[in-house]
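Asker: no sequence on this one, just coordinates:
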């Protein structure tokens, strides 16, 4: 590439100074107008060649690399945004699951409390029923014992009364007399009770 550029520069210089014309002059510290035009034309031609080369070969490669880089950055940004959305969705789902679990746990606690209250109420009702039954049984037992005691007392009283009456009357009392005295005594006791 450098060799072709040098040959182009030499051809431009030779066009500025034809072979049949003047020989190449030496350039001093300050060039003359003719020397400056040649140098300017050479610089313009070199610039045009370099610009064309850069435009055809380098800028498309650089542009392509920049476009690829921009596309890669864009894809990475899109991927990061997608990952962020997925993370947000996962966090939302986790928070929803956590809230659901809390609600379920609270429901289970309330259900356990309700069951506990139900069981306690059932136990209390059973205890009340058993206590009532025990009280009724005790009252019946007391009443039965009372009747038995009264009956025994009546029998003993009647026997004693019969014995006393027999001694007072000085005669033997028959079982029928005995029964009649018992019934009369019971009747009198019943009347006193009322």
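Answerer: Arrived safely, thanks for sending. All values derive from a computational prediction rather than experimental measurement. Numbering: from 1, shown residues only.
Asker: so where does residue 135 fall, helix or strand?
Answerer: Using DSSP states H and E, residue 135 sits in helix 59-169.
Asker: beyond that helix, next helix or strand please.
Answerer: With DSSP H and E, the next secondary element past helix 59-169 is helix 175-193.
Asker: just the buried positions in that next one, please.
Answerer: Neighbour-count burial for helix 175-193, counted by 16 or more other Cβ atoms under 10 Å, picks out 178, 181-182, 185-186. C-beta here means a position set from N, CA and C on the backbone, and glycine is covered the same way.
Asker: what's the farthest-apart pair in those residues?
Answerer: Greatest spacing in the buried residues of helix 175-193, by Cβ to Cβ: 178 and 186 (12.7 Å).
Asker: coming back round to it: helices or strands up against the helix holding residue 135?
Answerer: Judged by 3 or more Cβ pairs under 8 Å, 6 or more residues apart in numbering; DSSP states H and E, helix 59-169 is in contact with helix 175-193.
Asker: which elements pack onto the helix it packs on?
Answerer: Looks like helix 175-193 contacts helix 59-169 (3+ Cβ pairs under 8 Å, 6+ apart).
Asker: burial count for residue 133?
Answerer: 10 (other Cβ atoms under 10 Å).
Asker: quick one: low-confidence parts of the protein?
Answerer: 1-28, 166-167, 169-173, 192-194 (pLDDT under 70).
Asker: closest to the centroid, which residue in it?
Answerer: Taking Cα atoms, centre = their mean, the centroid of the chain lies closest to residue 98, which sits 1.2 Å from it.
Asker: which ones are touching that residue?
Answerer: If a contact means Cβ atoms under 8 Å, 6 or more residues apart in numbering, then residue 98 has no contacts.
Asker: relative to residue 91, how far out is it?
Answerer: With distances taken as Cβ to Cβ, to the nearest Å, residue 98 is found 10 Å from residue 91.
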